[in-house]
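Visitor: quick one, what's the 3D model for this:
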Amino acid sequence: MDFSHSDKVRELQQRIQAFMDRHIYPAEALFHDEIARNRRAGNPWQPTQVVEKLKEKAKAEALWNFFLPHSDQGAGLSNLEYAPLCEIMGRSPMASEVFNCSAPDTGNMEVLARYGTPEQQRRWLAPLLDGRIRSAFAMTEPAVASSDATNIQSSITRDGDSYVINGRKWWTSGAGDPRCEILIFMGKTNPEASRHNQQSMILVPMKTPGIRVVRALTVFGYDDAPHGHAEVDFVNVRVPVENLLLGEGRGFEIAQGRLGPGRIHHCMRTIGVAERALELMCKRSQERVAFGKRLSEQGVTLERIAESRIAIDQARWLVLNAAYMMDTVGNRAARAEIAMIKVAAPTMALRVLDWAIQMHGGGGVSDDFPLAALWAGVRTLRLADGPDEVHRDAIARLELSRHRPRESVSPPNNPNNQAAGS
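Guide: Residues are numbered from 1 along each chain as shown. Predicted structure coming up:
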């Protein structure tokens with residue numbers, strides 16, 4: 001395994017970092033001020049002019065659509081090549097959208113690129129790649145434990161040349177954004193089929209009659225504007241049969257193709273969050289004095305800084321290994337590596353963020369610094385795209401399968417060995 005960066009990746013790292021220094025970090029305060037003004041005006045989901053202008057700058061500098069591995073519609077990067085770029089973007093909550101690399105659009109675009117028909121790609125993928133519209137992913141439901149996706153109860157029923165959709169979804173991120181024009185919806189087309197063949201995915205234009213945004217959800221009190229997370233009701237929503245993705249009963253197949261890249265993208269960004277937290281911790285520790293010496297001279301501070309560096313680098317290598325496996329053997333074969341990093345990266349980042357918050361004292365839990373909001377965002381990742389418990393269960397089962405004892409074989413005609421292997 002060679003995780004060294006190619007010349008192409010190193011150049012992109014330098015260009016993205018320079019863009020972050022010139023444009024993203026200086027605009028963060030303006031971004032939050034604009035959101036506050038929109039919130040006071042009663043429209044927190046209004047796209048910010050700060051980001052829209054920066055998107056034009058990024059596109060003009062060809063810093064755009066770095067994801068979509070093995071596709072001629074992206075930047076031609078592998079997962080391993082994308083990882084260090086995604087990490088840089090993860091340092092700022094607004095950066096991924098500026099480069100048109102933000103969730104859930106990236107995952108939805110991968111679905112359309114892999115499984116969409118030419119017409120579906122023309123209508124929805126092209127404007128998403130261009131950054132003219134946004135999308136949402138409607139899978140989780142409030143009435144069932146959605147960590148087990150077979151619990152999902154929403155229905156997709158064939159009626160002539162249409163499918164009729166009924167159900168209620170929540171944590172449908174971005175559904176309140178006026179630019180959100182398309183949803184990918186998961187529901188049951190055949191409740192009588194085998195457990196993993198009951199459900200399908202279908203494209204649902206956001207303006208279709210019968211769709212109602214019930215409410216916006218908060219995350220530890222944050223509304224996450226202007227993106228946000230919505231609870232959405234679908235009542236007799238009718239869409240053409242050609243909106244179905246791949247075919248009836250293929251929903252889990254699509255989900256596996258979508259969630260693997262989505263999970264690792266979250267982890268890549270989370271490494272960037274942890275790096276920024278460590279940077280803030282180091283700066284704060286050298287600025288403040290307590291009990292006669294700088295915080296950076298206190299033993300506990302030195303220990304936490306060292307442990308943070310160790311933990312971040314460990315998680316980074318796990319991410320790179322998972323990306324390498326996805327590139328070389330495929331998402332399914334890399335499912336253990338993806339599951340491991342999905343558990344490890346948020347857990348690591350939360351610990352580093354917690355130490356950084358402690359270093360900032362009362363300021364750490366305020367909005368004067370980004371740490372509290374970053375902590376809230378990372379904490380949700382222990383639930384998003386499958387909770388820790390599900391990933392740990394999968395990791396353990398795969399590990400046990402490697403060490404399953406061979407069944408004992410009884411010698412023939414030996415009555416004393418009839419129970420062998422029981």
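
Visitor: please make it C-alpha for all contacts and neighbour counts, starting now.
Guide: Will do.

Visitor: okay, helices next: where are they in the stretch 251-400 of the chain?
Guide: Assigned helices in the stretch 251-400 of the chain, in chain order: 251-287, 299-329, 335-360, 371-380, 388-402 (criterion: DSSP state H, counting those that start in this stretch).

Visitor: TSV for the ones you listed, including mean pLDDT and mean neighbour count?
Guide: As requested, these are exported to TSV (pLDDT from 0 to 100; neighbours: other Cα atoms under 10 Å):
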stretch	mean pLDDT	mean neighbour count
helix 251-287	92	22
helix 299-329	97	18
helix 335-360	97	23
helix 371-380	97	20
helix 388-402	95	14
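
Visitor: what's the closest of the ones you listed to Gln46?
Guide: helix 371-380 (19.8 Å; Cα to Cα).

Visitor: packing partners for that closest one?
Guide: helix 251-287, helix 335-360 (3 or more Cα pairs under 8 Å, 6 or more residues apart in numbering; DSSP states H and E).

Visitor: export these to a markdown table and tack on distance to Trp171?
Guide: Converted to a markdown table, the helices and strands packed on helix 371-380 look like this (distance: least, Cα to Cα, whole Å):
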| stretch | distance to Trp171 |
| --- | --- |
| helix 251-287 | 15 |
| helix 335-360 | 19 |
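
Visitor: give me the residue at the spatial middle of the protein.
Guide: The centre of the chain sits closest to His266, judged by Cα atoms, centre = their mean, with a distance of 4.1 Å.

Visitor: how about the contacts made by it?
Guide: Leu381 (Cα atoms under 8 Å, 6 or more residues apart in numbering).

Visitor: again, only using 7 Å
Guide: Applying Cα atoms under 7 Å, 6 or more residues apart in numbering to His266 gives no contacts.

Visitor: now Leu203, what's its secondary structure?
Guide: With DSSP: H, G, I helix; E, B strand; the rest coil as the basis, Leu203 sits in strand.

Visitor: distance of it from Gln120?
Guide: Applying Cα to Cα, to the nearest Å, the value for Leu203 to Gln120 is 9 Å.

Visitor: quick one: which of the two has more around it?
Guide: When neighbours are counted by other Cα atoms under 10 Å, Leu203 and Gln120 differ, and Leu203 comes out ahead with 22 against 18.

Visitor: so that one versus Glu242, what's the distance?
Guide: 9 Å.

Visitor: again with Ala103
Guide: Ala103 is 25 Å from Glu242, by Cα to Cα.

Visitor: go on, Leu128?
Guide: 19 Å.

Visitor: more crowded one of the two?
Guide: The neighbour count for Leu128 versus Glu242, taken as other Cα under 10 Å, is higher for Leu128 (22 against 16).

Visitor: make sure that one is actually in contact with Ala136.
Guide: No: using Cα atoms under 7 Å, Leu128 makes no contact with Ala136, being 11.3 Å away.

Visitor: could I get the helices of the stretch 251-400 of the chain as CSV with distance to His32?
Guide: Listed next are those as CSV, based on distance: least, Cα to Cα, whole Å:
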stretch, distance to His32
helix 251-287, 18
helix 299-329, 28
helix 335-360, 20
helix 371-380, 12
helix 388-402, 31
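
Visitor: ok, and the closest non-adjacent residue to Ile338?
Guide: Ala322 (5.6 Å; Cα to Cα, 6 or more residues apart in numbering).

Visitor: list the contacts for that neighbour?
Guide: 334, 337-338.

Visitor: show me which of those residues is closest to Cys86.
Guide: Nearest to Cys86 among those, with distances taken as Cα to Cα, is Ile338, at 15.9 Å.

Visitor: so what's that closest one up against?
Guide: So Ile338 contacts 260, 264, 322 (Cα under 7 Å, 6+ apart).

Visitor: now render these as JSON lines, adding distance to Glu192.
Guide: JSON lines is the format used below for the contacts of Ile338 (distance: Cα to Cα, whole Å):
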{"residue": "Gly260", "distance to Glu192": "27"}
{"residue": "Ile264", "distance to Glu192": "33"}
{"residue": "Ala322", "distance to Glu192": "36"}
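
Visitor: in the chain, where is pLDDT below threshold?
Guide: For the chain, the stretches with pLDDT under 70 are 70, 407-422.

Visitor: and with 50 instead?
Guide: 409-410, 412, 414-422 (pLDDT under 50).

Visitor: Ser71 is nearest to which of the helices and strands packed on helix 371-380?
Guide: helix 251-287 (13.7 Å).

Visitor: now find how far off-centre that closest one is within its chain.
Guide: 8 Å (Cα atoms, centre = their mean, to the nearest Å).

Visitor: run a quick neighbour tally on Glu61.
Guide: With other Cα under 10 Å as criterion, Glu61 counts 12.

Visitor: the one 10 residues further on now?
Guide: By other Cα under 10 Å, the residues close to Ser71 number 14.

Visitor: residue contacts, Ala376?
Guide: 219-220.
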